[in-house]
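Enquirer: Predicted coordinates and the sequence they were generated for:
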Amino acid sequence: MSQITSPAPYTISRPQDVIDIINKNSAINTSVGVIFIALGGILIDAYQAAMVGFGNKYIAVQFGISPGLAATVNASVLIAALIGGLLANRVINRFGQRRAFLIGMALCTIGAAAVAIAPNIWWVLVCRVVMGFGLGIDFPLATNAVAELRGSSSKKTGSSVNLWQMAWYVSTTVVYLVVMLFLMSNVAEADLWRYGIFAGAVFAIIIMILRYFFIGESAMWAARVGRYDEACTILRHRYGVQASVGKAVPAEHQAINEHKIQGGYGILFNKRYRRRTILGCVVATMQAWQYNAVGVYLPLTLAGILSGGLMGALSGSAVVNALCGITGGLIGSLALQRLGTRRQSMYGFVVVTLALLALGALATASPWLSLGLLGSIIFFHSAGPGGLGMTIATLSYPPSIRPTGVGFARAIMRTGAIAGLIIWPMLWGSLKTDAFYWLAAVPFIGFVTCLLIKWEPLGANVDVEDADVLSELEQK
């Protein structure tokens, strides 16, 4: 009788060994539910962004300021998130994935709960900054966690990471449904934004609890800081892989100097990574600009086009987000393996450009035509470049600088979000539907960039570059 023996366990003696194991073995549970839990901070980011867009005019009235100044105060969350994104790699290298997730969501929860009871605009400003730091820290951690669950060399990783765009529209649809629920519960219209933001704090607490139990610590981080026994435990529980620590672990691989990893920003612009960084940043920034003009202010735009008052604008926004945003995000993730990140972004930018030009010419012709064009913008934004800037950034760098690359791209992206959040109300107020002509320049720039830079990260095994990057960091 032959005896069946289990395969010999892996032996790890350096961080690259853990990276290689994960690239060969996806996590046991990579269901959509687990992916959404990992992307939970993005859900909160989307929720709060949409809630701010809805509440902007009410904040202006309550505190006696102009809508432009209210938008500027609300945009402080994006400036803080920009800084938080740049700090994300420092936080994860110092505290690890599990505690970094808690830090990011805790800041967001505290800020959201406090802004809901704000007595003056300065209180709102401080709370928005606190929220921004938390959201900025969280985003790179979220996409990095998804990449680690799947392994960056798998083509399925791109589809999983890109699900954050679908998650975004699920969250924004929830915003309008929550506001409608409060409105039907006889909450005063002027206070809807307060109730809505507080509900976001409750959602953030739920995300924190789910992440703590379902996502946990990063095996790559544990190995990078020399905790090889912990890395083996994570590999066994999360990936079903038996691994043991090698007898002789070279001293230089016991723990990579934290400060040197934090200095990875220069590497993003070296000869190898420069084109990848530019492509990811431009796609992310242009999509954020167009979204924060059209998507965040969708109720404002629809109120100027459709009849039915606030409830009509909220209902229309919920329908457009559900039918176009969620569907677009899902179709975009499914089509990604066929088209690739660069081409899919390029096609999406083209359609959004044409739709914006058509809106500028035909917005006053028919409310239903305008609604259809707005829906097409949301759909092709979501299916195209909406999520792909971050997907490109996530898949373009090895683990040691992945949070740095994603954090940097996300930080640059925030400049586009700030521009859309602040400039669009001003353009809409002075130009009305002619403002769509000006906005069309934004996706056109994204299209040209995708046309010129031919880098495709989908399926590229960038994790094999990790040892070279760590070596380069050690030499600094």
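Expert: Received, thanks.
Enquirer: Give me the pLDDT for I412.
Expert: Turning to I412, the model gives it a pLDDT of 84.
Enquirer: right, I mislabeled it, should have said G280
Expert: pLDDT recorded at G280 is 91.
Enquirer: need the contact list for it.
Expert: The contact partners of G280, taken as CB atoms under 8 Å, 6 or more residues apart in numbering, are 389-390, 392-393, 396, 405, 409. Any C-beta I mention is one placed from the backbone N, CA and C, and that applies to glycine too.
Enquirer: Just give the number of residues close to V61.
Expert: 12 (other CB atoms under 10 Å).
Enquirer: For the helix or strand it falls within, list the C-alpha coordinates in PDB.
Expert: Element membership of V61 [criterion: DSSP states H and E] is helix 40-62. The C-alpha coordinates for helix 40-62 follow below in PDB (Å, rounded to 0.1, in the frame of the first residue of the first chain):
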ATOM      1  CA  GLY A  40     -14.600  49.300   3.200                       C
ATOM      2  CA  GLY A  41     -12.800  52.500   3.700                       C
ATOM      3  CA  ILE A  42     -13.500  53.400   0.000                       C
ATOM      4  CA  LEU A  43     -17.200  52.800   0.700                       C
ATOM      5  CA  ILE A  44     -17.000  55.400   3.500                       C
ATOM      6  CA  ASP A  45     -15.000  57.800   1.300                       C
ATOM      7  CA  ALA A  46     -17.600  57.600  -1.400                       C
ATOM      8  CA  TYR A  47     -20.400  58.000   1.200                       C
ATOM      9  CA  GLN A  48     -19.000  61.100   2.800                       C
ATOM     10  CA  ALA A  49     -18.000  62.600  -0.600                       C
ATOM     11  CA  ALA A  50     -21.600  62.200  -1.900                       C
ATOM     12  CA  MET A  51     -23.100  63.500   1.400                       C
ATOM     13  CA  VAL A  52     -20.900  66.600   1.300                       C
ATOM     14  CA  GLY A  53     -22.000  67.300  -2.300                       C
ATOM     15  CA  PHE A  54     -25.600  67.000  -1.200                       C
ATOM     16  CA  GLY A  55     -25.200  69.100   1.900                       C
ATOM     17  CA  ASN A  56     -23.000  71.900   0.400                       C
ATOM     18  CA  LYS A  57     -25.800  74.500  -0.100                       C
ATOM     19  CA  TYR A  58     -27.300  73.700   3.400                       C
ATOM     20  CA  ILE A  59     -24.000  74.200   5.100                       C
ATOM     21  CA  ALA A  60     -23.600  77.500   3.300                       C
ATOM     22  CA  VAL A  61     -27.100  78.700   4.500                       C
ATOM     23  CA  GLN A  62     -26.800  77.500   8.100                       C
END
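Enquirer: what separates stretch 413-425 from the chain centre, distance-wise?
Expert: Counting by CA atoms, centre = their mean, to the nearest Å, stretch 413-425 is centred 16 Å from the centre of its parent chain.
Enquirer: Go through that stretch and flag the buried ones.
Expert: Of the residues in stretch 413-425, 413-425 count as buried by neighbour count, 16 or more other CB atoms under 10 Å.
Enquirer: What about those, which are in helices?
Expert: Using DSSP state H, the members of the buried residues of stretch 413-425 that fall in helices are 413-425.
Enquirer: Distance to F214 for those residues - can I get that in JSON lines?
Expert: Listed next are those as JSON lines, based on distance: CB to CB, whole Å:
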{"residue": "M413", "distance to F214": "27"}
{"residue": "R414", "distance to F214": "28"}
{"residue": "T415", "distance to F214": "33"}
{"residue": "G416", "distance to F214": "32"}
{"residue": "A417", "distance to F214": "29"}
{"residue": "I418", "distance to F214": "33"}
{"residue": "A419", "distance to F214": "36"}
{"residue": "G420", "distance to F214": "33"}
{"residue": "L421", "distance to F214": "32"}
{"residue": "I422", "distance to F214": "37"}
{"residue": "I423", "distance to F214": "39"}
{"residue": "W424", "distance to F214": "37"}
{"residue": "P425", "distance to F214": "39"}
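Enquirer: R272: neighbouring residues, count only.
Expert: Neighbours of R272 under the rule other CB under 10 Å: 15.
Enquirer: three-state assignment of it?
Expert: With DSSP: H, G, I helix; E, B strand; the rest coil as the basis, R272 sits in coil.
Enquirer: ok, now G64?
Expert: Counting by three-state DSSP, the backbone at G64 sits in coil.
Enquirer: next structured bit after the helix or strand where A204 lies?
Expert: Assigning secondary structure by DSSP H and E places A204 in helix 192-214. Using DSSP H and E, the helix or strand that follows helix 192-214 towards the C-terminus is helix 219-224.
Enquirer: which residues are in contact with the helix or strand just after that next one?
Expert: Where DSSP H and E defines the elements, the next helix or strand beyond helix 219-224 is helix 228-239. Residues outside helix 228-239 that contact it (CB under 8 Å, 6+ apart): 10, 12-13, 18, 21-22, 25-28, 149, 216-220, 222-223, 241-245, 249.
Enquirer: Stretch 105-113 now?
Expert: With CB under 8 Å, 6+ apart, stretch 105-113 has contacts from 40-41, 44, 48, 127-135, 137-138, 197-198, 200-201, 204-205, 207-208, 211.
Enquirer: if we go to 6 Å?
Expert: If you take CB atoms under 6 Å, 6 or more residues apart in numbering as the criterion, stretch 105-113 is touched by 44, 127, 130-131, 133-135, 197, 200-201, 204-205, 207-208.
Enquirer: Quick check: which ranges of the stretch 201-350 of the chain have low pLDDT?
Expert: The stretch 201-350 of the chain contains residues with pLDDT under 70 at 247-264, 296-309.
Enquirer: All the strands of it, residue numbers only.
Expert: Applying DSSP state E, counting those that start in this stretch to the stretch 201-350 of the chain gives strands spanning 243-245.
Enquirer: in what helix or strand does I117 lie?
Expert: Using DSSP H and E, I117 falls within no helix or strand.
Enquirer: okay, the residue nearest to it when sequence neighbours are not counted: pLDDT?
Expert: In this structure, I117 finds its nearest non-sequential neighbour in R194, 7.3 Å apart by CB to CB, 6 or more residues apart in numbering. On the pLDDT scale, R194 is placed at 90.
Enquirer: how far away is R194 from K24?
Expert: According to CB to CB, to the nearest Å, R194 and K24 sit 50 Å apart.
Enquirer: So for those two, which sits in the more crowded spot?
Expert: Each of R194 and K24 has its neighbours counted (other CB under 10 Å); R194 has more, 21 against 13.
Enquirer: My read is that that one contacts V115, right?
Expert: No: R194 lies out of contact with V115 (CB atoms under 6 Å); the separation is 8.1 Å.
Enquirer: Now the common contact residues for the two.
Expert: Here R194 and V115 have no joint contacts, going by CB under 6 Å, 6+ apart.
Enquirer: For stretch 80-89, give me every contacting residue.
Expert: With CB under 6 Å, 6+ apart as the test, stretch 80-89 has contacts from 129, 132-133, 135-137, 140, 403-404, 407, 410-411, 414.
Enquirer: Return the member of those nearest to L473.
Expert: Top of the list for closeness to L473, among the contacts of stretch 80-89 and by CB to CB, is T404 at 10.5 Å.
Enquirer: separation between the closest one and G459?
Expert: Going from T404 to G459 by CB to CB gives 22 Å.
Enquirer: Neighbour count: the two, which is higher?
Expert: Neighbours were counted for T404 and for G459 using other CB under 10 Å; T404 has more, 27 against 15.
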